[in-house]
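Colleague: I'd like to go over a predicted model; first the sequence, then the structure.
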Amino acid sequence: MFSLSSQSRIFIHALPTDMRKSFDALCGIVKGDFQKDILDGDYFVFFNRVLDRCKILMWDRDGLVLVYKSQESEDTHFNTFTRVEIHRTFNGIVDETRSTCF
């Protein structure tokens with residue numbers, strides 16, 4: 001389980017993201033679309049077009065961390081989740097009490 005510091009913010013990319021992208025390409029989106037620095041300690045969330053896969057990119061003191069989540073159930077998609085359900089899905093990565101940045 002991951003824990004968020006009180007300074008961490010969560011940014012969700014509004015556009016579908018190609019899940020073949022890895023560290024460098026996702027860092028490019030962070031810098032270009034969010035106009036943020038990955039080293040600031042924020043969390044960046046990316047969904048695919050079908051909304052059944054998700055990646056979270058973050059900086060962890062000495063390197064990048066990429067968490068990849070895939071929904072296995074065909075009838076459950078991320079677009080049907082509430083913030084509470086997202087919190088449960090990522091088992092503590094998303095803190096529902098903190099404001100989500102869009």
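Modeller: Looks like it came in fine. Treat the numbers as computed from the prediction; the structure is a model and nothing was measured.
Colleague: drop to CA atoms for contacts and neighbour counts, all remaining ones
Modeller: Noted.
Colleague: residues touching residue 40, list them.
Modeller: Taking C-alpha atoms under 8 Å, 6 or more residues apart in numbering, we find residue 40 in contact with residue 59.
Colleague: and it, what's its pLDDT?
Modeller: Listed pLDDT for residue 40 reads 91.
Colleague: quick one: end-to-end distance for stretch 31-43.
Modeller: Using C-alpha to C-alpha, to the nearest Å, one end of stretch 31-43 lies 13 Å from the other.
Colleague: cool, stretch 30-42 as well?
Modeller: Taking C-alpha to C-alpha as the measure, stretch 30-42 stretches 10 Å from start to finish.
Colleague: helices and strands of this protein: which one bottoms out on pLDDT?
Modeller: Sorted by mean pLDDT, DSSP states H and E, the helices and strands of the chain end with strand 100-101, the least confident at a mean of 42.
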